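Asker: need coordinates for the below:
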Amino acid sequence: MRVMVTAQSLTHRYGHHVVFTELSFAVGQGEVFAITGRNGSGKSTLVKILAGLLRPTRGQVRWGASDTEAGPAIGLIAPYVNLYEDMTLRENLRFIRKLRGMRPSNSVGIVERAGLSRAADKVLRNYSTGMLQRARFAAALVHAPIVLLLDEPTLGLDRFGYELCRQVVGSAQRTGGTVIIASNARRDIELAGECLCIEDFAPGVKGRT
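Answerer: Residues are numbered from 1 along each chain as shown. Below you'll find the predicted structure:
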């Protein structure tokens, strides 16, 4: 099995506050990996480091056999991912494709997959919380990423929205993608084959493995 993502001895601090230290793990192709821990324990910080949005204080993230950033290979779904609320979903998807240097394409399939066909031409300002989260799924999938980073992916979603998340994770796994989920929700964690508790890497914690 090919290793897709490797975190090597990651340590991160904000000022004098150390969030986690010497955190290491590896996730292979076709695997679903969960990161859990209490609120404020550093789950989102770790996801941002994996996504290349934040540099760790020490350590590194390797993609495959390389220590370069994954870039276009990543799809990120998180509450802090903002789309343009004065644009429609279809316009947002076209803009994302343009930013990534992709050819214009019909976004009907992705919009349908997100369950937003009837709202695709409405500005996102008029979306509910759950609809905005579905829109984030659509935006993350538009470039067919091979690594999905999901930070609290079902936040604000009803059971139909959860089914979208489950299907996206299952599809990624079947096609050889890699999924990393950061969450405390049991239904999210149950999608993973392996789970890491980030609190085990807090300063002063004994008995790490």
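
Asker: drop to CA atoms for contacts and neighbour counts, all remaining ones
Answerer: Noted.

Asker: mind listing the helices for this protein?
Answerer: Ranges of helices within the chain are 43-51, 89-99, 108-113, 129-141, 159-174, 186-189, based on DSSP state H.

Asker: closest to Asp151 out of those?
Answerer: In terms of CA to CA, the element of those nearest to Asp151 is helix 43-51, at 6.6 Å.

Asker: what residues does the lowest-mean-pLDDT helix or strand in the chain touch?
Answerer: Lowest on mean pLDDT, DSSP states H and E among the helices and strands of the chain sits helix 108-113, with a mean of 90. Applying CA atoms under 8 Å, 6 or more residues apart in numbering, the set of residues contacting helix 108-113 from outside is 90, 117, 120, 138, 141-142, 164.

Asker: again, 7 Å this time
Answerer: 117, 120, 138, 142 (CA atoms under 7 Å, 6 or more residues apart in numbering).

Asker: can I get these in TSV with pLDDT, neighbour count and distance to Val111?
Answerer: As requested, the contacts of helix 108-113 are exported to TSV (pLDDT from 0 to 100; neighbours: other CA atoms under 10 Å; distance: CA to CA, whole Å):
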residue	pLDDT	neighbour count	distance to Val111
Ser117	94	16	6
Ala120	95	21	7
Ala138	96	26	6
Val142	91	19	10
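
Asker: do you know which of the helices of the chain lies nearest Val81?
Answerer: Nearest to Val81, of the helices of the chain and by CA to CA, is helix 129-141 at 7.3 Å.
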